[in-house]
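Undergrad: Quick check, what structure comes out for this input:
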Amino acid sequence: MDKRLRWKAILAAAVLVIGLGYVLPSIPGVKGSFLGKLLPGNEINLGLDLKGGIYLTLGVDMDKALENNLARQGDELKAAARESNVAVLQPIVLPGRKLEVVLLDANQQEAFDGVLKKNFRDMFVQEGRDIVENNRIRYLFSFAPAYVKYIGRLTIDQAIKTIRNRIDQFGVAEPDIRKQQEDRIQVQLPGLQDPQRAIQIIGKTAHLEFKIVDDEVDIEKAKKGLLPPGREILPMMSRRPDGGYAETQVVLRKDALFTGEYITDAQTRPDQSGRFHVSLSFNSRGSQIFERVTGENVKKRLAIVLDGKVYSAPVIQEKIAGGHASITGNFSDTEARDLAIVLRAGSLPAPVNVLEQRTVGPSLGQESIDKGVYAAVFAAAAIILFMLVYYNFAGVFADIVLVMNIVLTLAGLAALGATLTLPGIAGIILTIGMAVDANVLIFERIREELRHGAMPKAAVDKGYSRASLAIVDSNTTNVIVAAILYQFGTGPIRGFAVTLVLGILMSMFTAIFVSRIMFDQYLVGRAPEKPISI
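TA: Numbers count the residues shown, from 1 in each chain. As a prediction, the model looks like this:
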């Protein structure tokens, strides 16, 4: 063997060894063995259809999202009016996605209209304007249709991002989260077998507010609906000895002094009695607001409201600086940890409802794996037999590189951390046929050269040089198509595209490079005129 051929053989062998190193940990029994400790820790991730897991279809409450946004824009409108020295009452969201704003002085109508035109022209549609008592003007607004569509897109995108952040912290490998329809999101969680906890983490709106408790309101009258303006009654949760929650009622000022949008971190912490709470950290803007809010409300109770329920209402003893706070509520370890997850990931822009839930069992996934493996084995066996019969000894080279191609494709999946799905197995089976296709082109070209009287060595050289360009061109177009499938496809389609790309790249390496090494070694020491078995 000459020096150049030796280095080529060493390179091919090194690639094969590295490939086996990535494939072996995915074989049952290898990872925990002594050999497994020496190998890379990468395993081939299995998709939902192979590993089992949870499939959810979530519906986003768009009406609530628009109401929330309408309330926020009402606050922005009031703040913009105040900056222009225009006095308006607190905007009120009415049924039917309407916003009521009362201008306190009709003489400021022109100034208020200027505020609307400058800041909210493309957002609001004015549906009414009436003069009411005390020389006030009552405006009625709704969102413009184009802005409603914009809010819808923004809500879905934010919901997907928030859900993905929560699942990433939950520790699920390769989740598939995507928009399904206008207001629906599809979530696939491979390997997860606890649907209730997943739904609790994914579906929790996690809208955190800090509000002042109004202890001067008679709670019994409040329960009957007799509430002063700007007040609301909410349930307050307290832990029972049996681990459940008991609810009492508490009256709060409706306006939130502070919200969870300023949270930068949330961690679980045990107290001296072993009970868990959630420690919060705020950004610089949030720290300033929280310090001002607590300083203005010393000796008052500050209610911590999460998704419309009060979990604690401690008395503010002094101004709190430093940008830190805690949510206490006698949480269990799991509850505190899950709450920290959703607060770190951010609140959902609107509530989500579980429209469909399916759990795929591991046994069904194993059945799919078994059938896919059988199909791959039978396909490989048929091709191996065909190549041996049709190309004689040269078929042995094609069969060896075929096996190597499968190994390297699986190694690529493990090294990249890609997910193998049932369509991905179909992609591997397809690349088995494509892998020998390159050898067929080369072998037929060699046969043609031999028929034209070329010597075996020259026929092999011309066969590889002339067929390789066509192989690269055809496989490049296939890679482009697979890349487009990956870019615009979803879940299983992307799994198919990944295995297809890896299979094509590995087939070009094995068919053009590795099989040529075998042919060159086969020709070493042979008489130039001696026929070759092809």
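
Undergrad: any idea how far the nearest residue to Q200 once chain neighbours are set aside is from V60?
TA: Leaving aside its sequence neighbours, Q200 sits nearest to D338 (CB to CB, 6 or more residues apart in numbering; 6.5 Å). (Glycine included, C-beta is placed from N, CA and C.) Per CB to CB, to the nearest Å, D338 is found 21 Å from V60.

Undergrad: Give me the pLDDT value at the residue nearest to Q200.
TA: pLDDT recorded at D338 is 74.

Undergrad: What about it, how many residues nearby?
TA: By other CB atoms under 10 Å, 21 other residues sit near D338.

Undergrad: Return the helix or strand where it lies as CSV; C-alpha atoms alone will do.
TA: Element membership for D338, per DSSP states H and E: helix 333-345. Taking C-alpha atoms only, helix 333-345 is exported to CSV below (Å, rounded to 0.1, in the frame of the first residue of the first chain):
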residue,chain,number,x,y,z
ASP,A,333,-41.3,21.9,47.2
THR,A,334,-42.8,20.9,43.8
GLU,A,335,-45.3,23.8,43.8
ALA,A,336,-42.6,26.3,44.6
ARG,A,337,-40.3,24.9,41.9
ASP,A,338,-43.0,24.9,39.3
LEU,A,339,-44.1,28.5,40.2
ALA,A,340,-40.5,29.6,39.9
ILE,A,341,-40.3,28.0,36.5
VAL,A,342,-43.3,29.9,35.1
LEU,A,343,-42.3,33.2,36.7
ARG,A,344,-38.8,32.9,35.2
ALA,A,345,-40.2,32.1,31.8
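
Undergrad: Tell me which other helices or strands that helix touches.
TA: Helix 333-345 makes packing contacts with helix 145-170, helix 195-203, strand 263-270, strand 276-282 when contacts are defined by 3 or more CB pairs under 8 Å, 6 or more residues apart in numbering; DSSP states H and E.

Undergrad: Could I get these in TSV, plus columns for mean pLDDT?
TA: Listed next are those as TSV, based on pLDDT from 0 to 100:
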stretch	mean pLDDT
helix 145-170	83
helix 195-203	76
strand 263-270	82
strand 276-282	83
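
Undergrad: S312: which of these is closest?
TA: Closest of those to S312 is strand 276-282, at 8.5 Å (criterion: CB to CB).

Undergrad: And that closest one, how far out from the chain middle?
TA: 25 Å (CA atoms, centre = their mean, to the nearest Å).

Undergrad: Enumerate the positions of that strand that are buried.
TA: Judged by neighbour count (16 or more other CB atoms under 10 Å), strand 276-282 contains these buried residues: F276, H277, V278, L280, S281, F282.

Undergrad: gap between D333 and D168?
TA: According to CB to CB, D333 stands 21 Å off from D168.

Undergrad: these two touch, right, A497 and F488?
TA: No - counting by CB atoms under 8 Å, A497 does not reach F488; the two are 9.7 Å apart.

Undergrad: So between the two, which is more surrounded?
TA: More crowded of A497 and F488, by other CB under 10 Å: A497, with 23 against 10.

Undergrad: Secondary structure element for that one, which one?
TA: For A497, the host element (DSSP H and E) is helix 491-508.

Undergrad: Render the CA-only coordinates of that helix in PDB, please.
TA: Extracted C-alpha coordinates of helix 491-508, given in PDB (Å, rounded to 0.1, in the frame of the first residue of the first chain):
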ATOM      1  CA  GLY A 491     -42.000  18.100  13.700                       C
ATOM      2  CA  PRO A 492     -41.900  14.700  11.900                       C
ATOM      3  CA  ILE A 493     -41.200  16.400   8.500                       C
ATOM      4  CA  ARG A 494     -38.100  18.000   9.900                       C
ATOM      5  CA  GLY A 495     -37.000  14.700  11.300                       C
ATOM      6  CA  PHE A 496     -37.300  13.200   7.800                       C
ATOM      7  CA  ALA A 497     -35.300  16.100   6.400                       C
ATOM      8  CA  VAL A 498     -32.500  15.700   8.900                       C
ATOM      9  CA  THR A 499     -32.000  12.000   8.300                       C
ATOM     10  CA  LEU A 500     -32.200  12.600   4.500                       C
ATOM     11  CA  VAL A 501     -29.500  15.300   4.600                       C
ATOM     12  CA  LEU A 502     -27.200  13.200   6.800                       C
ATOM     13  CA  GLY A 503     -27.800  10.100   4.700                       C
ATOM     14  CA  ILE A 504     -27.000  12.000   1.500                       C
ATOM     15  CA  LEU A 505     -23.800  13.500   2.800                       C
ATOM     16  CA  MET A 506     -22.600  10.200   4.300                       C
ATOM     17  CA  SER A 507     -23.400   8.400   1.100                       C
ATOM     18  CA  MET A 508     -21.200  10.800  -1.000                       C
END
